[in-house]
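Peer 1: show me the folded form of this:
(chains A and B)
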Amino acid sequence: MELFRVTNFDFLKYKWYAIAASWLLIAVGAFAIFVQKGLKFGIDFAGGTQIALRFASTPDLDRLRDILRAANLGETGIQRYEDPSKNQVLIRVQQQRLEGRDMTGEILQRVRQGLGGVQDPAKIDINTEGAETLAARLGAADPEGVAGQPGTTPDAHYKAVAEKVIARRSQAGIFRSVADVDAVADVSTAVKGWLKANTFTGSFVLLSAENVGPQVGADLRKKALLAVIWSIAGMLAYIAIRFRSLPFGIGAVVALIHDTLITVGILAILGREFNLVVVAALLTLVGYSVNDTVVVYDRVRENQRSPKKEPLEAVINRSINQTLSRTVLTAGATLLVCIALYLLGGEVLNTFALTLIIGIFIGTYSSIYVAAAIVVIWLSWTGRRKLAAVPVAPARPAAPAAPAAPAGKKKKSGRR
Amino acid sequence: MSKKLRWRILLIAFVLVGIATGYVATGYANARRDREAQGLAGRPTFEEALRKGVKLGLDLRGGIHLVLQVNTADALKAERDDAAERLQSQARAAGVTIGPMDLPTPQSFAVTVTPQTDERRLDETVKRYLPDWTYGTGGGKWTFALADASRRQIADNAVAQAVETIRNRVDEFGVSEPLIARQGTDRILVQLPGIDDPKRVKDLIKNTAFLELKLVVEGPSPDRAALAAKHAGNPQVEIVESKVEIGQRESTWYAVQTAAAITGRDLRNARPTQGQFSNNHVSFFLNAGGASKFSDVTGKNIGKQLAIILDDRVQSAPTIESKIEAEGQITGSFTPEEANDLALVLRAGALPAGLTYLEERTVGPSLGLDSIRKGLTASLVGAVLVFIAVVLYYRLAGLNAVLALVLNAIMLLGAMALFNATLTLPGIAGFILTIGMAVDSNVLIFERIREELRSGRAPKTAIENGFSKAFATIIDTHLTVIISAVFLFQFGTGPVKGFAVTLILGLLISVFTAVFVSHTIFELAYGRRQHIDALSI
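Peer 2: The predicted structure is shown next:
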């Protein structure tokens, strides 16, 4: 099977339209970010508290809202989370000025009290307590009477028991009533009896809780940005040295920035949150995009070594055509993985996959219409008269170098 | 089979066996450590070792991630109090009369100089007993401040000691593979995998657990103002609030002696005990020095009340009925966990300064489980789709690519185990990019071979040319991304670093599998035949 046999599209004929389209996309994205909705920073960067809960039955959002409003915690957002049948709720509280306050604990306590969960202070909630507390209680009560038996201690013994109970809870999602402990495998009836008598089932399970202070948020932002800037500088240097041409390096880097800007803009339009997962996706996208660009560049370099004299634009066009079926195939394969992640990967991977899906399209396009176009435009402006004689042709030492890349004049041989 | 090919196969086998052994060995070591931390007996099974080769990050496994700030100002203030007291007593001992002291800022103190003060001898006393302090004169006062170097030293020690104390507490709590590390000047990172009790852990870590036993001068009284007015001007007496018990609305207040009879430093051991009505107490045992001080104080003050103060709150104030030597009890309405944790914290030592939580992330065990399950399903479905597409498109050569990809994934897991890297969600992102680039490498090679075939080369030449021409491109693409990943690793924080580590390892392996392993498979398939009519590509 073959997608394209030999193609000869004149890609670069449309470069000016493409550049206009790129600017338009960037402008629309910038409008969405700066004017319209603004970029929704997640709590990773903005700071604040975010708690995900799973309820036993359909949660009453209005009631939760009332409870939290009464608690006076500042601006609070409550929404359903993931599949409605899972009864999950996401609670978000904006950054408090008071750093170091235990927001998570406070919110959980308020919700628990507001829903009237606590019946008997001597009983513990097997839906919110962790394995450690459960193990400590079981160890103190010792329903199986293992104290004094050789080979084990109540601590170790009940820790394993408690972990089984919690594992069952994780599997089932939540215990709906204490009778559910019957379903825990490998646990004695004595323990189950004790659990039924001494625990109760609260109305929710804690899925995750995050609390980020303003300092940390600002720090994370600064450090992530710094890391990205350095890594882009590293790529610029490598490409410029390896292809012996500054325009190649600049072209690749501008393509990366272009991809990132447009992708972030589209995410803003879609109302997606900007958090660490998106940063990971953007880093992946940058890697993908630069890979794509380098493949095209590499072919350009190779084609420039051929003795046939032809204008640079034709060389680049030919290179894009030669790598076209590879470009489409690789993008297609990567898209397959990302679509699978998007559809099946769950809430956390959803935004990640979406960012990559957008990024693959933009990244593939930018290799041709940003990275390659910049090289063409730059070199045709600086070296208008000797288009074919680009300094990236080490196989032809006689070729005079264009002024744009003086590095090409020096080391010319001995590279391969 | 040519000699060259035999060497290649040997090298591939060697790398595979090495990585597999490394993975299993790391898995066994991890599983053994986990069993020890959980107090389980017996040896880990092979299956357990396979599961534990690569450590999962908190986002996948569940657990608690905390970033704390040490309030070093607390330690500086304590040092200031200590220095002021030292100066007062040494001045008295040297016969220098000084006026009243005051505390203009939290980190300085001032001494009023009276006409009777022998300033030369006061200066000598300062030089001798407060070498770390500098003072300025003016307004009839000497104002003391800590020298910069000592200030840094004290702050630094406070953070180091806080790290040590937290480590002791976490160790006593029994967590497998905890990470407690200092970050920057005054921050501490704590990661506790598999722990799902955020409230309890936070209380345990933050609990300063500063225990003091002080003689009660007056109290309890519900009226703080009256108590304060009565003892105003007496620096030997301070007012302390009592702990508010459940069901009790108003707090009460005690006037106690400022100087503590006993502090947490005099403790030898502490353990939770049950009282008469099976309420929970904490018993503490004093070391030799503490015991002699304690018996002295209790012996002299029979009939008086002794306040047991924990973190500036009076827990209880029992009456001293007889001389007590080495043992005491903190009573209060503790739950069993609270009693247990308080005893633990008392044993592990007090924190030198207060802590503030800057960042806190808890991932419940079910969310972690859910993320893994879904991520795994999605990745497998994606991988199978890619395999089908590649085999449909490249036929037998596609099978070769699939084999190279599977090897790549397995070797990446093995390498992560060998380098003790942790797999996190951003790590999975790196994994996906690796696989994407590995597919790309194969596609690059196969497209080159097809091009060569189209231009009329013989199959064998086409394979050789295809590999050698694609090689330069593969090296360029991989090196560019590796270089960027190295910078991300160098300058990034946690999640960005995790992405970078996986990516660097993955791409190094990808070069090996795409270029070396694929090539070897081609040679194995076609190399022995004298003449090839067509390639399945």
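Peer 1: tell me the SS of residue B:109?
Peer 2: Using DSSP: H, G, I helix; E, B strand; the rest coil, the structure places residue B:109 in strand.
Peer 1: please name the bridge partners of it.
Peer 2: For residue B:109, the beta-bridge partners are residue B:144 (DSSP bridges).
Peer 1: residue B:283 now?
Peer 2: In this entry, residue B:283 is beta-bridged to residue B:271, residue B:329, by DSSP bridges.
Peer 1: burial check on it, number of neighbours?
Peer 2: If you count neighbours by other Cβ atoms under 10 Å in any protein chain shown, residue B:283 ends up with 16. Just so you know, the C-beta spots here come from the backbone N, C-alpha and C atoms, and that holds for glycine as well.
Peer 1: residues touching it, list them.
Peer 2: Contacts for residue B:283 (Cβ atoms under 8 Å, 6 or more residues apart in numbering or on different chains) come out as B:270, B:271, B:272, B:273, B:327, B:328, B:329, B:330, B:343.
Peer 1: which parts of chain A belong to which domain?
Peer 2: A:11-42+A:213-393+A:401-408, A:48-211 (automatic domain parsing).
Peer 1: return the distance of the longest one from the chain's centre.
Peer 2: If I follow you right, that is domain A:11-42+A:213-393+A:401-408. Relative to its chain's centre, domain A:11-42+A:213-393+A:401-408 lies at 18 Å (Cα atoms, centre = their mean, to the nearest Å).
Peer 1: likewise for stretch B:487-506?
Peer 2: Centroid separation between stretch B:487-506 and its chain, computed with Cα atoms, centre = their mean, is 19 Å.
Peer 1: kindly export it (C-alpha atoms) in CSV.
Peer 2: The C-alpha trace of stretch B:487-506 is given here as CSV (Å, rounded to 0.1, in the frame of the first residue of the first chain):
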residue,chain,number,x,y,z
PHE,B,487,17.7,21.6,29.4
LEU,B,488,14.3,20.8,30.7
PHE,B,489,15.8,18.3,33.1
GLN,B,490,18.4,20.9,34.2
PHE,B,491,16.0,23.8,34.8
GLY,B,492,12.6,22.2,35.3
THR,B,493,10.8,21.3,38.5
GLY,B,494,9.2,18.0,39.4
PRO,B,495,6.7,17.2,36.6
VAL,B,496,8.8,18.8,33.9
LYS,B,497,11.9,16.8,35.1
GLY,B,498,9.8,13.6,35.0
PHE,B,499,8.9,14.2,31.4
ALA,B,500,12.6,15.0,30.5
VAL,B,501,14.0,11.8,32.2
THR,B,502,11.6,9.5,30.4
LEU,B,503,12.2,11.3,27.1
ILE,B,504,16.0,11.2,27.3
LEU,B,505,16.1,7.5,28.2
GLY,B,506,13.4,6.7,25.6
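Peer 1: what is the rounded mean pLDDT of it?
Peer 2: Averaging pLDDT along stretch B:487-506 gives 85.
Peer 1: show me what counts as buried in that stretch.
Peer 2: B:487-489, B:491-506 (16 or more other Cβ atoms under 10 Å in any protein chain shown).
Peer 1: rounded mean pLDDT for stretch B:232-242, please.
Peer 2: Here the average pLDDT along stretch B:232-242 is 80.
Peer 1: swap in stretch B:82-96?
Peer 2: 81.
Peer 1: pull out the buried positions in that stretch.
Peer 2: Going by neighbour count (16+ other Cβ under 10 Å), the buried part of stretch B:82-96 is B:83, B:84, B:87, B:90, B:91, B:96.
Peer 1: one more: stretch B:406-415?
Peer 2: The neighbour-count check on stretch B:406-415 (16+ other Cβ under 10 Å) flags B:407, B:408, B:409, B:410, B:411, B:412, B:413, B:414, B:415 as buried.
Peer 1: so the last one touches residue B:19, yeah?
Peer 2: What it means is residue B:415. Yes: the criterion here is Cβ atoms under 8 Å, and residue B:415 meets it with residue B:19 at 6.5 Å.
Peer 1: just the helices in the stretch 151-300 of chain B please.
Peer 2: Using DSSP state H, counting those that start in this stretch, the helices of the stretch 151-300 of chain B run over B:198-206, B:224-231, B:288-300.
Peer 1: how distant is stretch B:48-62 from the center of its chain?
Peer 2: The answer for stretch B:48-62 is 17 Å, by Cα atoms, centre = their mean.
Peer 1: residues in contact with it: which ones?
Peer 2: For stretch B:48-62, using Cβ under 8 Å, 6+ apart, the contacting residues are A:348, B:23-24, B:26-28, B:30-31, B:34, B:44, B:64-65, B:177, B:191, B:193-194, B:196, B:361, B:363-369, B:371-372, B:375, B:413-414, B:416-417, B:420-425, B:427, B:498.
Peer 1: list the buried residues in that stretch.
Peer 2: Applying 16+ other Cβ under 10 Å to stretch B:48-62 flags B:48-49, B:52-62 as buried.
Peer 1: in strands only, show me the residues you listed.
Peer 2: B:55, B:56 (DSSP state E).
Peer 1: please identify which pair of the buried residues of stretch B:48-62 lies farthest apart.
Peer 2: B:49 and B:59 (23.3 Å; Cβ to Cβ).
Peer 1: and the residue nearest the centre of chain A, what is it in contact with?
Peer 2: Chain A has residue A:277 as the residue nearest its centroid, 2.8 Å off, counting by Cα atoms, centre = their mean. The contact partners of residue A:277, by Cβ under 8 Å, 6+ apart, come to A:348, A:351, A:352, B:425, B:426.
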